[in-house]
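Participant: Sequence first, then the predicted structure, then my questions.
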Amino acid sequence: MASGTGPRIAVALDGSGWHPAAWREPGARPRELLTAGYWTDLVREAEAGKLDFVTIEDSLALQTGPGERTGIVQGRLDAVLTAARVAPLTSHIGLVPTAVVTHTEPFHLSKAIATLDYVSTGRAGVRVQVAGRAEDSRHFGRRESGELRLEDLFDEAADYVEVLRRLWDSWEDDAEIRDVATGRFVDREKLHYIDFTGRWFSVKGPSITPRPPQGRPPVTALAHAAVPYRLAARSADVVYVTPFDREQAGAIVAAVRDEQEKAGRGAETLHVFGDVVVFLDETEQAAVDRKARLDERSGAEYTSDALVFTGTPAGLADLLLDWHDAGLSGFRLRPGALPHDLTAITRGLVPELRSRGAFRTEYEASTLRGLLGLARPANRYAAV
């Protein structure tokens, strides 16, 4: 069964989970957070549930808590490299690492994501993230903190994504000849300069990596308000939004669709996923008690930019289907504690959705674009 009858489901993986005290839970594996085996186990669990994709969190500064406390997980692996390590050990699930686009160069990221697409045989994506914090800027020394307005950060991100896509297209699909007899490995006429010049970047191209298997790996972004909605409408294939109820979900979808029309992309597919932090147990009281225990350990009640759902898989299914009916095409679930809430998703929520005819039983495509219902795009530089 395809997922077209219900919402698409992704999970956002971050350390031991999204709650700062999750690493102290029974079943957590804090000593293994920097190992390939830990991340492989998580992604394989998500794949066993036939989820669409996982995102892997990343940033340019250490995680912080109230008062610079040290009782939280600090330090992380590079998300793109983690995805590349996991890719050969999985077969269907999409792999979407987070990449900060404020202080980095699009040429480097374009070949990293293209490489991930090859390693995963067409299952790569990227979540672009801006960074406006002073601690991020200090690692690079190129800009003073606060030098860029919010609008500038997202305008820069939009140009960054445009450069990524042009570089992915800078090799035509049949540019590699590999003709031993003639000694021609590439057709140089099918490699193209992109000649991008903008406010933020001047990139000539072409890439040093051939066009990815998907043509252009899907680009995703988190958006909380009008300015990032415009980035999503202009540049993304999937946007993650953070409503707190059905009415707000519908209003946000309408706002994103309006920006999509203004960007001239009304005929294109742009998925709008709702982000939800989840604490799941067999009973609602058990979930409430577990979150309360985590809050006590961290010394503060956990809150989030997204809705925090505390309850049962059946209750979460009710909410997701209700919001799906309001216009959201899918959801990115943030497990409060790992692996507990991930397995509650794959072994509790997924069977519940299937029992309602609202989630796939098998993968229906071999690429991330295929799972998202996105056609492989034509190369903009290929001769018509």
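Facilitator: Yep, it's here.
Participant: elements contacting the helix ranked longest in the chain?
Facilitator: In the chain, ranked by residue count with DSSP state H as the criterion, the top helix is helix 150-169. Counting contacts by 3 or more C-beta pairs under 8 Å, 6 or more residues apart in numbering; DSSP states H and E, helix 150-169 packs against helix 106-119, strand 126-129, strand 196-197, strand 202-203, strand 219-222, helix 226-235. Heads up, the C-betas are built off the backbone N, CA and C, glycines and all.
Participant: Now do the same contact list for Arg246.
Facilitator: Contacts here follow C-beta atoms under 8 Å, 6 or more residues apart in numbering; on that basis Arg246 touches 322-323, 326.
Participant: Please apply the same query to Ala326.
Facilitator: By C-beta under 8 Å, 6+ apart, the neighbours of Ala326 are 246-247, 249-250, 253.
Participant: What separation is there between it and Pro7?
Facilitator: Relative to Pro7, Ala326 is positioned 11 Å away (C-beta to C-beta, to the nearest Å).
Participant: What segments of the chain are helices?
Facilitator: 36-48, 79-86, 106-119, 134-137, 150-169, 226-235, 246-262, 284-298, 313-325, 340-344, 350-355, 368-371.
Participant: what does the last one rub up against?
Facilitator: With contact meaning C-beta under 8 Å, 6+ apart, helix 368-371 is reached by 3, 8, 52-53, 94-96, 122-125, 214-215, 217-218, 363-365, 375-376.
Participant: again, only this time at 7 Å
Facilitator: Contact with helix 368-371 is made by 52-53, 94, 122-125, 214, 218, 365, 376, as judged by C-beta atoms under 7 Å, 6 or more residues apart in numbering.
Participant: Pull out the buried positions in the longest helix of the chain.
Facilitator: Across helix 150-169, burial judged by 16 or more other C-beta atoms under 10 Å covers 152-169.
Participant: do the same with stretch 170-185
Facilitator: 170-172, 175-176.
Participant: What residues sit buried inside stretch 377-384?
Facilitator: Under 16+ other C-beta under 10 Å, the buried positions of stretch 377-384 are 379, 381.
Participant: correction: stretch 89-102
Facilitator: 90, 92-102.
Participant: same thing with stretch 258-276?
Facilitator: So stretch 258-276, judged by 16+ other C-beta under 10 Å, has buried residues 259-260, 263, 265, 270-276.
Participant: got the contact list for it?
Facilitator: Contacts of stretch 258-276 (C-beta under 7 Å, 6+ apart): 10, 229-230, 233-234, 236-243, 249, 253, 256, 306-307, 309, 323, 328-334, 372-374.
Participant: circling back: got the buried residues of stretch 170-185 as a markdown table, with pLDDT columns?
Facilitator: Shown next, in a markdown table, are the buried residues of stretch 170-185 (pLDDT from 0 to 100):
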| residue | pLDDT |
| --- | --- |
| Ser170 | 98 |
| Trp171 | 98 |
| Glu172 | 97 |
| Ala175 | 95 |
| Glu176 | 94 |
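Participant: how about stretch 191-206 as CSV, C-alpha atoms only?
Facilitator: Extracted C-alpha coordinates of stretch 191-206, given in CSV (Å, rounded to 0.1, in the frame of the first residue of the first chain):
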residue,chain,number,x,y,z
LEU,A,191,29.8,19.8,-18.5
HIS,A,192,28.5,23.3,-18.0
TYR,A,193,29.6,26.5,-16.2
ILE,A,194,26.8,27.7,-14.0
ASP,A,195,28.0,31.3,-13.9
PHE,A,196,26.0,32.2,-10.8
THR,A,197,26.5,35.8,-9.6
GLY,A,198,24.5,37.1,-6.7
ARG,A,199,24.7,39.2,-3.6
TRP,A,200,26.1,36.3,-1.5
PHE,A,201,28.0,34.0,-3.9
SER,A,202,29.8,34.0,-7.2
VAL,A,203,30.2,30.5,-8.4
LYS,A,204,31.4,29.5,-11.9
GLY,A,205,31.2,25.7,-11.8
PRO,A,206,31.0,23.0,-13.0
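Participant: Many thanks, I have nothing further to ask.
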